[in-house]
Each structure stands twice: as structure tokens, then as C-alpha cells.
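1. Take a look and give me a structure for this.
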Amino acid sequence: MLIHDWKKNFAGAFHDFRLGWIVDISRALNSTLRADLYCLIEAPATYDENDETIRSLPESAVYAAKADHLSIRTVHGDTLVAVIEMTSPGHAEFTDQKRQLINRIEDWNRQHAKLVIVDLFAALAGDSINGVSKDGCVIKLEPGDIVDDPIIQIDNNYSKRVPLNLTYEATWNRYPAALKTLFESQSA
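-> Down below sits the predicted model:
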């Protein structure tokens, strides 16, 4: 399926889609991961809904602050082995949200987690991320691109394909018709 132009719509439209997409990815991974692994949707530690600073931010910055990510962990010891993160409009538009994202990526790298960062908004274009090879973990997607399913090498003997393409399509098929009309009016 082709990636839609999420940049032309309000941040909440993408946030809603993104939430459904990460749930679909989590379910797909959990149905196929090795028995000693699980995938969990986790919220960033930096988001506090009652923080006046966050509540005063523009809509896209608020959604960036509360954007969840996926973690693949071991059942025994709850060790983080991989993270799947998707950028949002606020990561591209606001320096503080981009810095928080980069800090999280650097922290995951210090934990030796394998990373897949899906960048739909060129949020990480031109940024250096300490200790992380962006070539190996950042998937840059533009409107009209077809999503390739990246492979995460969990350990020396086990790798897992991240089902981005099928889950994107499944999420889109359930997306509210009223919001889909925003995309139809773009191409008219």
C-alpha cells in the first residue's frame, strides 16, 4: 500500500492512525515472535498530561509528546531487545520534541536495543544521533512510497521481519471514512 500524505492533515488525524498502526504491529509481532519474547506498547516517560507546559503546546507538539513506541522484550528478565518508533508531525516541527525523541533513541542504543525508526515527517533529516547508525535503523517514507518490511536481528540466531506494510493497510482499511475524505480532497 502507498503511504498517504500525512503532512497535509491535522496532527490528530495522524495520531489516531498511528495508534491503530502500532496496535496492529504489536498484535502481528506477538502472534509470531519466539516464545521467550513479547512486544509491548510503551509510553514515553517524558509525557505528563497534567503538565501545564505540555498542555500549552500546539496540537502537533502535544501528540509528539505522548507518542507511544513498541518494545520487544524478553519474558525472563524483561530485557529490552528492540524498539519500533514512529515519528509524528511534532517531532519535525518542534525542537524540544525532536530533542526528546533523539534522547530516547540514544538511550535505547545505550541499552543495546535494535532500532527501527519509521520517519514519515523527515523529523530526523540532517540530525546526528550519538552512537546510532541512522542508515541501519531509520526508514524514511515519503507520500506515495511503498513500505518495505525491515528485519530486526534480535540475536545471532533469530531475526524478525516487522510487518509494516500489511499492518499499514489493515489500519487504513479500518480508519474512519470521515477522515479518509481528507485525503480524497487532497488529490482532487
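2. For the protein, just list every one of the helices.
-> Using DSSP state H, the helices of the chain run over 11-30, 52-55, 59-65, 89-93, 95-110, 134-137, 164-174, 177-187.
3. Which of these sits closest to residue 79?
-> Comparing the helices of the chain by their distance to residue 79 (Cβ to Cβ), the top pick is helix 95-110, with 12.4 Å. Where you see a C-beta, it was placed from the backbone N, CA and C, and this is true even at glycine.
4. Centre of the chain to that closest one, how far?
-> With Cα atoms, centre = their mean, to the nearest Å as the basis, helix 95-110 stands 13 Å off its chain's centre.
5. which helices and strands does that helix pack with?
-> Secondary-structure packing of helix 95-110 (3 or more Cβ pairs under 8 Å, 6 or more residues apart in numbering; DSSP states H and E): helix 59-65, strand 80-86, helix 89-93, strand 114-119.
6. one more time with 6 Å, if that's ok
-> Under the contact definition 3 or more Cβ pairs under 6 Å, 6 or more residues apart in numbering; DSSP states H and E, helix 95-110 sits against helix 89-93.
7. how about the helix it packs on as CSV, C-alpha atoms only?
-> Provided in CSV are the C-alpha atoms of helix 89-93 (Å, rounded to 0.1, in the frame of the first residue of the first chain):
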residue,chain,number,x,y,z
PRO,A,89,4.5,15.9,12.9
GLY,A,90,5.5,17.4,16.2
HIS,A,91,8.9,15.7,16.1
ALA,A,92,9.6,17.5,12.8
GLU,A,93,8.1,20.9,13.8
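8. Now do it, average pLDDT.
-> If you average the pLDDT over helix 89-93, you get 86.
9. Measure how far it is from the centre of its chain, please.
-> Computed by Cα atoms, centre = their mean, the chain-centroid distance of helix 89-93 equals 13 Å.
10. Repeat that for stretch 111-128.
-> With Cα atoms, centre = their mean, you get 9 Å for stretch 111-128.
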